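S.K.: following is a predicted model, sequence given first.
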Amino acid sequence: MPAAVRGGSRVEAKPRAKAPPKPAQRPRVKTPGAAPARRTPQATGPSPKLILIAAAAVLALAGAAVLATGHRGERLVAQAQAAVDGKFGQAGFRLRKVQIEGASAMATADIVKAAGVYKDQPLLGLDLTALRKRVEAVGWVKDARIVRLLPDTLVISVAERRQLAVWQHDGKIAVIDDHGLVIPEANPARFATLPLVVGAGGAEAAPKILPLLAQRPKLMGRMDALVRVDDRRWDLRFKDGSLIQLPAVEEEAALMQLEQLDQRSRILDLGFERIDLRNPDVVAVRPREPVPPGQLPPAGA
């Protein structure tokens, strides 16, 4: 570069300093078909495990408050329980299904109604002891067991009372179990195949006599009703109108005596009006009167 002359002096111009070069940027290479990078989602709330641990801690502290503060502590427990139930619900522990085990179709509806649970109820907040007592108050139920199946199922397992007979007394009809207790929810019209027991005291005495009769299908097939007389003994009334009078004691010995009589004379097939077994030493048989000409015999004769 030529020198510039100013005022007779020669001054050489100095070159400008160059700026340092910028570092080169690596070009981005886009791979065909590659999925765009995803951001890692962040947790929106505590896990169910942490909720369970926190709930246990809250309930433990609330229990300590009860011991320390009395009735005020009970209110604290109630508030803590409500908070815990809410957390359980947020974690998904809500009631979705109820399984009934060991109950007949007729008993199931009454059991579910007595349980008093509802959909989306906090499952871990249920009082299982109170629930079991409500279920066992149902007439069908002998005893019950309640189990939670997390996250959303309640299992009600019951032992159902066995229906023994239909009991008729004082113008009322009811189904009784094998202990002589009435099952209030059972509709007698739906148990036409059960034996009919009639008379005061019949419900309590039936569990003893009916198993003896069940061992003798020939008698049971002909019997129309088992009648309690003076709350002391039984009459077996047959479908054809004939009658067997049993003693007040030793009913099984009397029934065995009747079987021996039938083996010798086929008395049950030939027909009779009455067989008196009240005296163990004497069996009194009254034959059926012949049917007058032109009249129909009794049903089953």
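M.R.: On my side now, so go ahead. Numbers count the residues shown, from 1 in each chain.

S.K.: please make it C-alpha for all contacts and neighbour counts, starting now.
M.R.: Fine.

S.K.: how about the strands in the stretch 101-250 of the chain?
M.R.: According to DSSP state E, counting those that start in this stretch, the stretch 101-250 of the chain carries its strands in the segments 141-149, 153-160, 163-169, 172-177, 196-198, 223-229, 233-238, 243-245.

S.K.: now His179: how far from Arg237?
M.R.: 23 Å (CA to CA, to the nearest Å).

S.K.: might one say that Leu277 is in contact with Ala284?
M.R.: Yes. Using CA atoms under 8 Å, Leu277 is in contact with Ala284, at 7.0 Å.

S.K.: which of these two has more neighbours?
M.R.: Leu277 (22 against 13; other CA atoms under 10 Å).

S.K.: so what's the backbone phi/psi at the more buried one?
M.R.: phi -110, psi 20 (degrees, to the nearest 10).

S.K.: contact partners for it?
M.R.: Leu277 sits next to 244-247, 254, 258, 283-284 when contact means CA atoms under 8 Å, 6 or more residues apart in numbering.

S.K.: Arg232 too?
M.R.: The contact partners of Arg232, by CA under 8 Å, 6+ apart, come to Ala248.

S.K.: let me see the domain layout of this protein.
M.R.: Split into domains by automatic domain parsing, the chain comes to 48-90, 97-160, 163-286.

S.K.: would you turn these into JSON lines with mean pLDDT?
M.R.: Shown next, in JSON lines, are the domains of the chain (pLDDT from 0 to 100):
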{"stretch": "domain 48-90", "mean pLDDT": "52"}
{"stretch": "domain 97-160", "mean pLDDT": "95"}
{"stretch": "domain 163-286", "mean pLDDT": "95"}
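
S.K.: returning to that earlier point: most neighbours, which of the contacts of Leu277?
M.R.: If you count neighbours using other CA under 10 Å, the busiest of the contacts of Leu277 is Leu246, which has 23 neighbours.

S.K.: surely that residue and Arg274 touch.
M.R.: No. Taking CA under 8 Å as the definition, Leu246 is not a contact partner of Arg274, at 11.1 Å.

S.K.: could I get the full set of helices for this protein?
M.R.: Under the criterion DSSP state H, the chain contains helices at 48-69, 71-90, 105-115, 128-136, 202-214, 217-222, 251-265, 267-270.

S.K.: which parts of the fourth one are buried?
M.R.: In this case it means helix 128-136. 131-132, 134-136 (16 or more other CA atoms under 10 Å).

S.K.: what is it packed up against?
M.R.: When contacts are defined as 3 or more CA pairs under 8 Å, 6 or more residues apart in numbering; DSSP states H and E, helix 128-136 sits against helix 105-115, strand 141-149.

S.K.: can you redo those as a markdown table with distance to Pro188 and mean neighbour count?
M.R.: Below are the helices and strands packed on helix 128-136 laid out as a markdown table (distance: least, CA to CA, whole Å; neighbours: other CA atoms under 10 Å):
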| stretch | distance to Pro188 | mean neighbour count |
| --- | --- | --- |
| helix 105-115 | 12 | 16 |
| strand 141-149 | 17 | 16 |
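
S.K.: okay if I get these as JSON lines plus distance to Ala225?
M.R.: Shown next, in JSON lines, are these (distance: least, CA to CA, whole Å):
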{"stretch": "helix 105-115", "distance to Ala225": "25"}
{"stretch": "strand 141-149", "distance to Ala225": "27"}
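
S.K.: right, so of those, which gets closest to Ala186?
M.R.: Nearest of the helices and strands packed on helix 128-136 to Ala186, taken as CA to CA: helix 105-115 at 8.0 Å.

S.K.: what helices and strands are in contact with the closest one?
M.R.: Judged by 3+ CA pairs under 8 Å, 6+ apart, helix 105-115 is in contact with helix 128-136.

S.K.: outside of the helix it packs on, which residues touch it?
M.R.: By CA under 8 Å, 6+ apart, the residues outside helix 128-136 that reach it are 111, 114-116, 141-147.

S.K.: rerun at 10 Å
M.R.: Applying CA atoms under 10 Å, 6 or more residues apart in numbering, the contact partners of helix 128-136 are 110-117, 141-148, 156-160.
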